[in-house]
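> following is a predicted model, sequence given first.
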Amino acid sequence: MDAADMRRRLKAIFIGSVGNLVEWYDFYAYAAFSLYFAHLFFPGSDPVVQQLNAALLFALGFLVRPLGGILFGHLADRKGRRIALTLSVTLMCFGSLMIAVTPTYASVGLAAPVVLFFARLVQGLSHGGEYGTSATYLSEVAHPKHRGFFSSFQYVTLIGGQLLALCVLLLLQKVFLTPDQLKSWGWRIPFIIGALLAIVAAVMRRELPETDAFTSARQTQKRESSLRALMRYPRQLALVVGLTMGGTAAFYTYTTYMQKFLKLSVGLTDDQTTTVTASSLIFAMLLQPLYGAISDRIGRKPLLIGFGVAGTLFTIPILTNLQHAQGPLAAFMLIAAAWLIVSGYTSINAVVKAELFPTHVRATGVGLPYALTVSVFGGTADLVALAFKSSGHETGFYYYLTACIAVSLIVYTLMRDTKKASEID
């Protein structure tokens, strides 16, 4: 690989990753700021119930992700990865802008949560197309010897999106706004920022080079339905569902739900909650390329099995001790321990899925079953956890998460190591 080829690959990975970061910032801003705007859309006096309603809308936003996976996956597999990536981030711009200008319950009544729900559907549609196309693009553009390392930047930017949302929250909390201003109107600011960033990302993505894998396959591919072509790969589709189930439940537990858990269950203050969550996300970001590079040396399967075994054994002890943590430092150490486990999945799951499918169905094959699984087990993590808490049986969620990881462990044990039999090659 010469210097010019390396520069081309790095530029493509950088632009693709920046767009991915913006997409996930927009999506996570809802979770990060729901503590501040839930009371404006869901009247009542119980903050847990208000957060439960906000979590329900967060989960409902995942319902259309499979549709996004089909539409944008078909577009990526037929017209190219670049156009699909550009359109997905453009759609996210509209979703964020809608949330920024949505009136409150006091102004328009039930219309307020309805409009908020529609905006979440738009964001969910965008995200359904983003993951499969982004995973496909980064895996195809990376050099074969470093595919695990470079594709891990999908989750670096995915986690970075939430970190950026938390940094905006921290700045608004500490520097620019009072708590009352933040709860009254300041929560709209991050969604305006997200819409503007999405426009920048869309312009950048227009300059993305198409991948060599798609360009070569385009010359020989037949014109047929993406879904019909995808049905020829039932084993691969089942594998994506199985390997995603435990990982996505764990990922959303330690990202979107963790902020609420630290506030409502651990009892940290707003500032402590934001600081601990942001610090743990920085730690998680640093782990992704490290684990990705390790997978390039020893294979993907050992990391997945490591996540499955450790997640099954230690999820309940970690969350139980976290619930009774004495102060922010103890909470951070426990969440960091969880990320040492979960990163065995997050760092390489994108490349593993991409390596399962041939080029002409890769974006759809990665995006559709992933979106279906995340809709059931990832997007509902907040909802399930808060439902257990609201019923007085919070520890039940710990066992639920452990069971999800255990099922995925069975899949990891039985599947082949995709690094040794990659369809990308």
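All right, it came through fine.
> wait, doesn't Thr275 sit right on Gly327?
No - if you go by C-beta atoms under 8 Å, Thr275 and Gly327 don't touch, sitting 11.6 Å apart. Placement of C-beta: from N, CA and C, glycine included.
> the two: which is more packed in?
More crowded of Thr275 and Gly327, by other C-beta atoms under 10 Å: Thr275, with 20 against 11.
> dump the residue contacts of the more buried one.
Counting by C-beta atoms under 8 Å, 6 or more residues apart in numbering, Thr275 touches 170, 328.
> try 7 Å this time
The contact partners of Thr275, taken as C-beta atoms under 7 Å, 6 or more residues apart in numbering, are Pro328.
> how close does it get to Arg362?
40 Å (C-beta to C-beta, to the nearest Å).
> same check, this time on Thr346
20 Å.
> kindly report the same for Leu75.
For Leu75, the distance to Arg362 - C-beta to C-beta - is 13 Å.
> do the same with Leu110
Per C-beta to C-beta, Leu110 is found 42 Å from Arg362.
> between the two, who's got more neighbours?
Between Leu110 and Arg362, Arg362 has the larger neighbour count (other C-beta under 10 Å), namely 31 against 9.
> so how many other residues sit close to the residue lying closest to Gln154 once chain neighbours are set aside?
Nearest residue to Gln154, sequence neighbours excluded (C-beta to C-beta, 6 or more residues apart in numbering): Ala350, at 4.7 Å. Neighbourhood size, Ala350 [other C-beta under 10 Å]: 26.
> can you check Arg232 too?
With neighbours defined by other C-beta under 10 Å, the count for Arg232 comes to 10.
> could you do Ala31 as well?
Neighbour tally, Ala31, other C-beta under 10 Å: 22.
> show me what contacts the residue sitting nearest the centre point of the chain?
Central residue of the chain (C-alpha atoms, centre = their mean): Leu158, 5.7 Å from the mean position. Contact analysis of Leu158 by C-beta under 7 Å, 6+ apart lists 20, 24.
> and it, what pLDDT?
For Leu158, the pLDDT comes out at 83.
> check Asp2 too.
The predicted local confidence for Asp2 is 62.
> same check on Leu75?
82.
> what about it, which helix or strand?
If you go by DSSP states H and E, Leu75 is part of helix 65-78.
> immediately after that helix, which helix or strand?
Counting by DSSP H and E, what follows helix 65-78 is helix 81-101.
> helix or strand next in line after that following helix, which one?
The element immediately downstream of helix 81-101 (helix or strand, assigned by DSSP H and E) is helix 105-108.
> need the CA coordinates for that following helix. CSV is fine.
C-alpha atoms of helix 105-108 as CSV (Å, rounded to 0.1, in the frame of the first residue of the first chain):
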residue,chain,number,x,y,z
TYR,A,105,-47.8,20.4,26.0
ALA,A,106,-48.8,23.7,27.7
SER,A,107,-49.0,25.4,24.3
VAL,A,108,-50.7,22.8,22.1
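> immediately after it, which helix or strand?
Using DSSP H and E, the helix or strand that follows helix 105-108 in sequence is helix 111-141.
> show me what that following helix is packed up against.
Helices and strands touching helix 111-141, by 3 or more C-beta pairs under 7 Å, 6 or more residues apart in numbering; DSSP states H and E, are helix 3-41, helix 47-60, helix 65-78, helix 81-101, helix 147-151, helix 153-171, helix 349-354, helix 362-373.
> what angle separates the first one from helix 81-101?
Using axes from the mean of the first three to the mean of the last three C-alpha atoms, to 10 degrees, the interaxial angle of helix 3-41 with respect to helix 81-101 works out to 20 degrees.
> which elements pack onto helix 3-41?
Applying 3+ C-beta pairs under 7 Å, 6+ apart, one finds that helix 3-41 contacts helix 47-60, helix 81-101, helix 111-141, helix 153-171, helix 189-205, helix 256-261.
> now do that helix: distance to the chain's middle.
Computed by C-alpha atoms, centre = their mean, to the nearest Å, the chain-centroid distance of helix 3-41 equals 10 Å.
> if we go by neighbour counts, what in it is buried?
Buried positions in helix 3-41, judged by neighbour count with 16 or more other C-beta atoms under 10 Å: 9, 12-13, 15-41.
> angle of that helix against helix 111-141?
Inter-element angle recorded for helix 3-41 and helix 111-141: 170 degrees (by the same axes, to 10 degrees).
> how close does the closest residue to Thr104 other than its chain neighbours get to Ile193?
In this structure, Thr104 finds its nearest non-sequential neighbour in Leu40, 4.2 Å apart by C-beta to C-beta, 6+ apart. Distance, Leu40 to Ile193, using C-beta to C-beta: 19 Å.
> what about Ala421, distance to Met415?
The gap separating Ala421 from Met415 is 10 Å, by C-beta to C-beta.
> that should have said Pro317, apologies.
27 Å.
> which one of the two is surrounded by more residues?
For Pro317 versus Met415, neighbours defined as other C-beta under 10 Å are more numerous around Met415 (20 against 12).
> got a pLDDT number for Ile298?
Ile298 is given a pLDDT of 92.
> scratch that, Ala201 is what I was asking about
pLDDT for Ala201: 83.
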